[in-house]
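**Student:** Build me a model:
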Amino acid sequence: MPIKIPDTLPARTTLEHENIFVMTEHRAMHQNIRPLKLIILNLMPTKIVTETQLLRKLANTPLQIQVELLQTASYTPQHIDQNHLSTFYRTFAQVKHSSYDGMIITGAPVENLDFSDVDYWDELCEIMEWTKTHVHATLHICWGAQAGLFYHYGIEKYTLPKKMFGVFSHKVVRTRSPWFRGFDDTFYVPHSRYTAIREADILAQPKLQLLATSDEAGVFALKSSDNRRFFILGHPEYDPETLALEYERDVSSGKNIELPAHYFPNNDPSKPPCVNWRSSGQLLYSNWLNYYVYQSTPFDLREIKPIS
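**Tutor:** The predicted model follows:
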């Protein structure tokens with residue numbers, strides 16, 4: 001959260017130059033405050049695990065947030081507790097006349113399919129189109145980011161020679177971006193995917209800004225230049241054991257899978273991983289909520305500006 005200081009305090013210029021968020025008395029006096037409305041489109045088959053991971057990050061801020069959970073109507077994953085879905089989730093038909101300060105679109109284990117072959121692709125496209133007029137800021141995660149980049153900007157995903165699997169070091173390439181305020185020079189993020197986005201395709205799109213990359217894992221974070229769409233290609237919300245559980249699942253199913261990189265101590269899967277991504281992951285979600293949702297969304301959601 002910002003600090004409120006007098007408009008003419010000399011420290012204001014110094015702090016702003018250091019990329020510290022300060023709020024002048026004038027701005028503070030004219031702020032209207034209400035709970036943020038956030039909706040999560042959960043495309044993962046592990047609904048409860050994913051919603052818990054995301055809610056943990058969203059809850060660990062001073063902001064009051066009203067969260068709704070959204071599922072696809074055109075496809076329901078197998079082995080999901082239908083009572084959980086009917087109790088806690090809504091469909092697009094139930095929310096399409098509402099507006100939201102923020103939205104999160106999760107990943108999904110469908111990245112090896114062409115977008116058009118995904119069972120709920122048409123419905124997802126309808127939802128992404130709806131965000132242009134009904135959501136102030138949308139965060140896309142992993143495959144959700146690839147889907148958003150393809151739908152909004154025509155950027156293709158490509159298949160990797162092998163699964164990008166592990167915890168990788170990253171660097172911020174736009175150091176003055178509010179999204180990465182407070183980040184160390186090097187930070188770590190878990191990845192688990194078979195596809196990627198080419199950096200050159202991002203740099204060739206003038207409406208996008210590349211923010212963070214990894215020498216090993218490639219593109220990690222980018223956003224639209226109008227600060228309305230955000231994309232991350234990894235999973236900073238992952239629990240300590242998530243990659244271990246994925247590894248055990250793949251081994252049990254007979255897949256030829258390597259150990260997740262930079263994860264198990266001495267590459268020994270019998271040892272618990274040392275978490276080095278928790279604090280930066282929290283900061284990423286907190287910064288997105290604060291700078292791009294809370295600080296810029298209109299008080300009256302009917303005044304959300306359409307994205308051209």
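
**Student:** list the contacts for the nearest residue to Tyr285 once chain neighbours are set aside?
**Tutor:** The shortest distance from Tyr285 to any non-neighbouring residue, by Cβ to Cβ, 6 or more residues apart in numbering, is to Lys57 (3.9 Å). Backbone N, C-alpha and C define where each C-beta goes, glycine included. For Lys57, the contacting residues are 236-237, 281-282, 285-286, by Cβ atoms under 8 Å, 6 or more residues apart in numbering.

**Student:** rerun that using 7 Å as the cut-off
**Tutor:** The neighbourhood of Lys57, defined by Cβ atoms under 7 Å, 6 or more residues apart in numbering, consists of 237, 281-282, 285.

**Student:** Among those residues, which one sits closest to Val118?
**Tutor:** Glu237 (22.2 Å; Cβ to Cβ).

**Student:** The nearest residue to that closest one once chain neighbours are set aside sits in which helix or strand?
**Tutor:** The spatial neighbour of Glu237 that comes closest, neighbours along the chain excluded (Cβ to Cβ, 6+ apart), is Gln53 at 4.4 Å. Taking DSSP states H and E as the criterion, Gln53 maps to helix 47-59.

**Student:** Flag every buried residue along that helix.
**Tutor:** With burial defined by 16 or more other Cβ atoms under 10 Å, the residues of helix 47-59 counted as buried are 47, 50-51, 53-55, 57-58.

**Student:** For these, please prepare a markdown table with the additional fields pLDDT and distance to Val173.
**Tutor:** Compiled in a markdown table, these are given as follows (pLDDT from 0 to 100; distance: Cβ to Cβ, whole Å):
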| residue | pLDDT | distance to Val173 |
| --- | --- | --- |
| Lys47 | 90 | 34 |
| Thr50 | 92 | 28 |
| Glu51 | 92 | 31 |
| Gln53 | 92 | 26 |
| Leu54 | 92 | 25 |
| Leu55 | 91 | 30 |
| Lys57 | 91 | 23 |
| Leu58 | 89 | 26 |
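
**Student:** thinking again about what came up before, relative to Leu301, how far out is the residue nearest to Glu237?
**Tutor:** Look at Gln53 and Leu301: by Cβ to Cβ, to the nearest Å, they are 26 Å apart.

**Student:** now the strands for the chain?
**Tutor:** Remark: strands assigned in the chain by DSSP state E are 3-5, 22-24, 36-41, 65-70, 89-90, 100-105, 135-141, 158-172, 187-196, 208-214, 218-224, 229-232.

**Student:** Any idea which of those gets closest to Pro306?
**Tutor:** Between these, strand 135-141 lies closest to Pro306; by Cβ to Cβ that is 10.7 Å.

**Student:** How about residues contacting the closest one?
**Tutor:** Against strand 135-141 from outside (Cβ under 7 Å, 6+ apart): 100-107, 131, 148, 228-232, 288, 292-293, 297, 304.

**Student:** Do me a favour and average the pLDDT over that strand.
**Tutor:** The pLDDT scores in strand 135-141 average 98.

**Student:** Take that strand, keep the C-alpha atoms, and write them as CSV.
**Tutor:** Written as CSV, here are the backbone C-alpha positions of strand 135-141 (Å, rounded to 0.1, in the frame of the first residue of the first chain):
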residue,chain,number,x,y,z
VAL,A,135,-13.2,-6.3,-16.6
HIS,A,136,-10.8,-3.6,-15.7
ALA,A,137,-7.6,-5.8,-15.5
THR,A,138,-7.2,-9.4,-16.4
LEU,A,139,-4.3,-11.7,-15.3
HIS,A,140,-3.6,-14.7,-17.5
ILE,A,141,-1.6,-17.6,-16.2
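
**Student:** That one pairs with which strands, parallel or anti?
**Tutor:** When pairs are called by DSSP bridges, strand 135-141 turns out to pair with strand 100-105 (parallel), strand 229-232 (parallel).

**Student:** Among the ones you listed, which comes closest to Leu259?
**Tutor:** Nearest to Leu259, of all the strands paired with strand 135-141, is strand 229-232, at 23.5 Å by Cβ to Cβ.
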